[in-house]
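Student: got a predicted structure plus its sequence, pasted below:
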Amino acid sequence: MENLNQSSSHPRGLYVLFFTEMWERFGYYLMLGIFSLYMLDSVQNGGMGFSASKKSDIYGTYLGLVYLTPFIGGLLADRILGYRRSIIIGALLMAAGYLGMALHGETPFYISLLLIIVGNGFFKPNISTLVGNLYNNPKYASKKDAGYNIFYMGINIGAFVCNFVAAYMRINYGWGYAFAAAGVGMLIGLVWFLNGMKHVKDVDIIKPTTKEDLPLYKVLATVFIPVFIFGILGWLIPGNIFGSDGNDAFLIGSLPVVFYYISLWWRASVVDKRPLAALLTVMGCVVVFWAIFHQNGDALTVWAENHTDRKLSPGVAKAANTFGLAQTVNYHESVSYDDEQMKSYLAGLKVQQDSLEKVGNKAAAKELGKTITIRDKSRAYFKNLPETKRPAAGQDLKLASTELFQSVNPFWVIVLTPLVVGIFGFLRRRGKEPSTPSKIAIGLLITALSALVMVAAVKSINISSDKASALWLWASYGVITIGELCLSPMGLSLVSKLSPPRLTSLMMGGWFLSVSIGNKLSGILSGMWEGYADKSKFFLTNFFIVIVPAIALFLLLRWLNRVMKEKGVK
């Protein structure tokens with residue numbers, strides 16, 4: 001991997017943005033890794049106690065909105081705030097949101113989500129734009145794709161480490177401390193950015209608007225007021241088009257923003273029209289990538305929790321237990337209770353815990369609270385674990401905590417990024433590097449193949465009476481990571497290459513709009529999980545959802561590559 005510290009290889013500002021983004025993604029993915037589990041966990045255990053359908057609805061809406069707000073964040077940065085100021089505002093709002101998640105209750109829960117959603121809107125498109133601006137210098141222009149790959153590796157270092165912190169804090173101290181750790185990570189990233197801002201100052205330039213650009217007040221009047229109107233109409237529509245009122249409100253409410261981006265192309269000058277058309281086409285195709293990819297925090301987390309053999313070997317279990325990262329389940333007689341018996345049993349334990357709290361015996365109450373959690377989790381884990389894999393009565397099993405599987409994807413990114421960058425660098429030196437649109441098309445095709453890996457995982461067992469090997473998740477994440485590396489950082493690079501300079505951050509917001517809609521679709525698709533008796537059909541559906549736009553993009557490559565050539569980029 002190329003050395004970040006050598007300004008002759010890459011600009012020094014990349015070093016600043018790399019670690020800022022690393023810490024921001026540490027907080028973001030820490031929260032996301034435990035988000036579904038927190039919503040599903042019982043109130044007795046400190047969770048929200050939501051149903052599976054409500055969990056998926058909130059998960060998809062949150063992920064959708066967190067990538068929809070970059071539209072306004074990019075617009076305000078392009079026109080008024082500038083990129084550095086926007087990043088600072090976003091970091092402060094997100095830190096407040098993560099710290100707010102440490103407070104239990106629905107009111108702080110929703111307020112905190114709102115702060116994170118708005119904060120990400122200011123932060124995400126503008127730090128990505130600054131990376132691209134660093135490579136507008138002809139000295140570095142040929143290395144823009146590599147620069148985005150390196151920047152992307154920073155994202156995944158944060159995403160890899162955070163889940164170990166989340167598991168430790170959740171297992172040993174509770175949900176609130178895990179969320180608070182995300183806020184601390186964001187504040188560390190902000191301090192790092194403030195300290196290194198001098199290295200990106202020269203590329204933080206507000207571009208003048210042209211006659212084709214709508215004034216800001218008109219954008220607000222013609223886009224954001226309709227967003228609220230369409231969203232309300234979507235909520236009020238009798239019945240449901242997309243499965244719930246929340247889904248309808250989000251997807252229908254997104255239409256004015258989609259129309260706005262189409263109008264940018266419609267009003268564009270002759271010079272800008274074809275590059276914008278190419279960008280919008282690619283953005284439309286990659287929506288399905290995010291719809292599949294971000295099931296990692298929902299459907300695939302449920303698969304890891306309920307259908308994956310998470311037992312640790314004795315050596316690994318000992319080490320994990322030492323660092324507080326192992327989850328304990330116990331083969332207690334309560335694992336055979338029916339739902340009513342279990343509910344009554346846990347309620348009785350909770351009464352005992354409350355009694356201990358009232359008499360001031362907090363240490364005993366805390367220990368009993370841990371016992372309640374273990375009994376609850378043990379029954380769920382042993383439900384489909386064969387007798388041959390169960391311990392003796394009364395004995396413990398040490399398991400890998402479910403959120404640790406969220407580190408598998410970033411692990412693969414860290415391992416495979418130097419390889420992918422190296423392969424493309426090797427091809428570039430020989431004049432055979434695929435164009436950026438070609439890389440994105442390849443990424444979509446590989447993503448489709450990752451769904452087939454999970455089809456095979458389901459077929460490998462009877463999921464009602466057995467658990468699948470964790471290697472299936474490792475394999476699926478490994479395949480989709482190759483697709484991700486071909487697609488996600490290349491998408492950021494493509495926006496930087498084809499956008500008119502005055503619209504770069506706004507178009508970066510457009511890229512994140514495609515992420516937003518895909519994320520919401522991931523929640524909708526994950527919400528269908530319980531409706532599939534044969535889970536292999538769920539993953540086969542994912543395959544067909546991705547393969548169609550992948551084929552479409554391959555058919556459009558000749559036109560897309562011609563537009564790239566006209567623009568003078570590769």
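Tutor: Good, I have the coordinates.
Student: contacts only, for A364.
Tutor: For A364, the contacting residues are L356, taking C-beta atoms under 8 Å, 6 or more residues apart in numbering as the criterion. Backbone N, C-alpha and C define where each C-beta goes, glycine included.
Student: I misspoke; the intended subject was G518.
Tutor: When contacts are taken as C-beta under 8 Å, 6+ apart, G518 is in contact with 286-291, 293-294.
Student: T417 versus the residue lying closest to F26 once chain neighbours are set aside, what's the distance?
Tutor: With C-beta to C-beta, 6 or more residues apart in numbering as the measure, G158 is the residue that lies nearest to F26, at 3.6 Å, once sequence neighbours are left out. Remark: distance between G158 and T417 (C-beta to C-beta, to the nearest Å) = 14 Å.
Student: quick revisit: narrow the contacts of G518 to those in helices?
Tutor: Residues of the contacts of G518 located in helices (DSSP state H): 286-291, 293.
Student: please produce CSV containing those, extended by distance to S244.
Tutor: What follows is the ones in helices among the contacts of G518, written out as CSV (distance: C-beta to C-beta, whole Å):
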residue, distance to S244
V286, 25
V287, 19
V288, 20
F289, 23
W290, 19
A291, 16
F293, 22
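Student: out of those residues, which is nearest to K537?
Tutor: Using C-beta to C-beta, A291 is the member of these that sits closest to K537, with 16.6 Å.
Student: residues near the closest one, how many?
Tutor: The criterion is other C-beta atoms under 10 Å. On that basis, A291 has 25 neighbouring residues.
Student: show the pLDDT at it.
Tutor: At A291, the pLDDT value in this model is 94.
Student: so it makes contact with L521?
Tutor: Yes - between A291 and L521 a contact is recorded at 3.8 Å, counting by C-beta atoms under 8 Å.
Student: highest neighbour count among the ones in helices among the contacts of G518?
Tutor: V286 (29 neighbours).
Student: quick one: the residue lying farthest from the centre of the chain from L349, how far?
Tutor: The C-alpha centroid of the chain is most remote from V359, which lies 44.1 Å away (C-alpha atoms, centre = their mean). Between V359 and L349 the distance, using C-beta to C-beta, works out to 16 Å.
Student: ok, the residue most central in space within the chain - contacts?
Tutor: Nearest to the mean C-alpha position of the chain, counting by C-alpha atoms, centre = their mean, stands H294 at 5.6 Å. By C-beta under 8 Å, 6+ apart, the contact list for H294 reads 63, 518-519, 522.
Student: pLDDT score assigned to it?
Tutor: According to the prediction, H294 has pLDDT 89.
Student: what about the residue lying closest to it once chain neighbours are set aside, how many residues close to it?
Tutor: Counting by C-beta to C-beta, 6+ apart, the nearest residue to H294 once its immediate chain neighbours are dropped is S522, at 4.1 Å. One way to gauge burial is a neighbour count; for S522, by other C-beta under 10 Å, it gives 27.
Student: is it true that S522 touches T301?
Tutor: No - because the distance of 11.7 Å does not satisfy C-beta under 8 Å, S522 is recorded as not touching T301.
Student: in the helix or strand hosting L115, what's buried?
Tutor: Secondary-structure element containing L115, defined by DSSP states H and E: helix 106-134. Buried residues in helix 106-134, defined by neighbour count with 16 or more other C-beta atoms under 10 Å: 109, 112-113, 115-134.
Student: what does stretch 415-434 give?
Tutor: Along stretch 415-434, the positions that meet the burial threshold by neighbour count (16+ other C-beta under 10 Å) are 416-417, 420-421, 424-425, 428, 433-434.
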